[in-house]
Every structure is written in structure tokens, then in C-alpha cells.
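Asks: when you get a sec, could you give me coordinates for this:
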Amino acid sequence: MKLATIRLHNDDGAEGTRAVRVDGTTLVDLGAPDVAAVLATDGWRESAAAATGATYDATGADYAPLVPRPGKVVCVGLNYRNHILEMGRDLPEHPTLFSKYADTLIGAHDEIHRPVETEAFDWEAELTVVIGRSVRRADEEQAADAIAGFTVLNDITCRDWQFRTREWLQGKNWDHTTPVGPVLVTPDELPGGVRPALAISCEVDGELMQKDSTADLLFDPVALVQYVSTMIRLEPGDLIATGTPGGVGHARKPEVYLSAGQRVVTEIEGIGRLENVVVADPS
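Replies: Numbering: from 1, shown residues only. Predicted coordinates for the structure are as follows:
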């Protein structure tokens, strides 16, 4: 099953969002404003699968961030073996975690705002876990059951700000920079289920920059849910971005970064595709 959050535009210019089930070229209204509201409902899988609400044409749909206002966006750094090696680091014993704020999130086809304050604007394609039930100190079975599905995210990063200090927060939390979506895909539709083995890639202006498999994750999605839920309760709609593979611009010789006007395409096999144009920050 595939779920999404779309924007509806009224004739008077008003805008709202709706959660939908994606049935090929048809979007079926699930009676909720967004995917997080669906996941917060008991028996959401059965009710979403059986929903027969209003329908919309998927062609040209305006996808909002999959979860517009998640309570938590937990991100994992250095979690692909090849990326760890290209950054010149040792394999970690524990996940490297940082957080991201909801204000960074944008839809699958929205513009990425490039801050004027950075000279090192970089890409990071990421498989992202969507939490489907409340869980704390999960064991392996509970962690697997808490995974509603997966989506695509690009953790666009200001590298010069990221490496100002040992903490990465300031490089990862710029307004209107992080596309996420377009859909949530439930684990039963993916090879590997809650530990999916999927091709992941990122292109910039048609040039392939990243290409790997999510099977290369050092800490898999189930392990990450276990680890994060040990310290804080995970709730429906929370996101865990699992890290990026090799090929980021910062690790290239010479370094390569994003400029206004460039198109970034982030894709994960079996889940979906983000297409976003970088623009100068209009603020």
C-alpha cells in the first residue's frame, strides 16, 4: 500500500492538505488531513486499505511533505559503509544521531531554498523510516512492528556550517531545504520488508552522483528504531532518516556543490522519486 499527503488548491486561493491512498493514477481520500493523522488511528492499515472516499487524479498532484509536521525527525550520519570510508572515518560502534526540524521539510517537487550564507550546499539521498505506532525501549519484534513504511528524503546540507563545530545541527536545519516523499510504501510491498534492499540514487542536472543499495546500511531500520526508542518514545508520523551512501559533493576531488537553477533528483527503487530545483532563498 502507498500513502501520501497532497495539497488541494481551492478557487479562492485557499490551500489545505489531504491524506490519500495511491492506487495507480487515482488518489483515494482517507478522511484525514495528512499521513500522520492516518497513522495515529488504531487499525490504520485496514481502514486505509478499505477507504472509498473522494478521488483525485494523481497526474500533476501537488505532494506536500509526507508528514508535514512530524513530532521528531531523527537523522543518522555515517551509516553506509562506503560513505564512512570515503569520509575517512572508522566504522562506528553506535549510530551517529542528530535531529532536524519540521520547518526544513518540503514536498516532492517543491523548490529547495539555497541559503545565501553557505558556499557548500550538498546533497544526501536517504531511505527514511516512517513510524506507525507508539513505541519505547522496543525489542526487535516491537521495532519491526512499529515501522509503518518507508519514504525518500534528501538531507540537503550546508557543509561549511556543518563542520564549524563537532555538532552537525547547524549544517542540517536550514528552512525549506529537505524534500521528503512523495509516498509512504508499506514494508510488505518491498523486497526485504522492514530491512529493504533497494537501489538508491541521486542525480544533479542529469549526472549520477550517488548510487548504492540500502542493503549496505550499517545499522538497519529495525536496529535504528530499537536504538532511538531506547532514549525517547517514538510516535506515529515520526521520521528516521537512515543516512546517505557515498558520492556526496563534499567528498569529491575537487568538491562539488549545488547552485541555484540546478535540478536534484532523488530516487529509491520501489518507493518513489523526488524532483526539486534549487533556487536562491527568496527570504
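
Asks: isn't residue 25 right up against residue 55?
Replies: No - in this structure residue 25 lies outside contact range of residue 55 using C-beta atoms under 8 Å: 10.2 Å. Backbone N, C-alpha and C define where each C-beta goes, glycine included.

Asks: immediately after the longest helix belonging to the chain, which helix or strand?
Replies: What stands out as the longest helix in the chain, according to DSSP state H, is helix 221-231. Next helix or strand after helix 221-231 toward the C-terminus (DSSP states H and E): strand 239-241.

Asks: so what does that next one touch, helix or strand wise?
Replies: Judged by 3 or more C-beta pairs under 8 Å, 6 or more residues apart in numbering; DSSP states H and E, the packing partners of strand 239-241 are strand 73-77, strand 125-131, strand 147-154, helix 221-231.

Asks: if you set the cut-off to 7 Å instead, what comes out?
Replies: strand 73-77, strand 125-131, helix 221-231 (3 or more C-beta pairs under 7 Å, 6 or more residues apart in numbering; DSSP states H and E).

Asks: quick one: residues in contact with that strand.
Replies: With C-beta atoms under 7 Å, 6 or more residues apart in numbering as the test, strand 239-241 has contacts from 67, 70, 73-76, 126, 128-130, 153, 155, 224-225, 228.

Asks: out of the helices and strands packed on strand 239-241, which comes closest to residue 21?
Replies: strand 125-131 (14.7 Å; C-beta to C-beta).

Asks: report the contact partners of residue 270.
Replies: 185, 189, 190, 198.

Asks: out of the residues you listed, which is most surrounded?
Replies: Counting neighbours by other C-beta atoms under 10 Å, the top entry in the contacts of residue 270 is residue 185, with 23 neighbours.

Asks: show me what contacts it?
Replies: Neighbours of residue 185 in contact, by C-beta under 7 Å, 6+ apart: 2, 149, 150, 270, 271.

Asks: the residues you listed into a markdown table, with extra columns for pLDDT and distance to residue 236?
Replies: Formatted as a markdown table, the contacts of residue 185 follow (pLDDT from 0 to 100; distance: C-beta to C-beta, whole Å):
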| residue | pLDDT | distance to residue 236 |
| --- | --- | --- |
| 2 | 98 | 17 |
| 149 | 98 | 12 |
| 150 | 98 | 15 |
| 270 | 97 | 23 |
| 271 | 98 | 19 |
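
Asks: what's the average pLDDT for stretch 110-119?
Replies: Mean pLDDT, stretch 110-119: 98.

Asks: returning to what we had before: go through the helices and strands packed on strand 239-241 and name the closest to residue 257.
Replies: That would be, of the helices and strands packed on strand 239-241 and by C-beta to C-beta, strand 125-131, which comes in at 15.6 Å.

Asks: low-confidence stretches in this protein?
Replies: Counting by pLDDT under 70, the chain contains low-confidence residues at 11-14.

Asks: what's the domain layout of it?
Replies: 2-57, 73-280 (automatic domain parsing).
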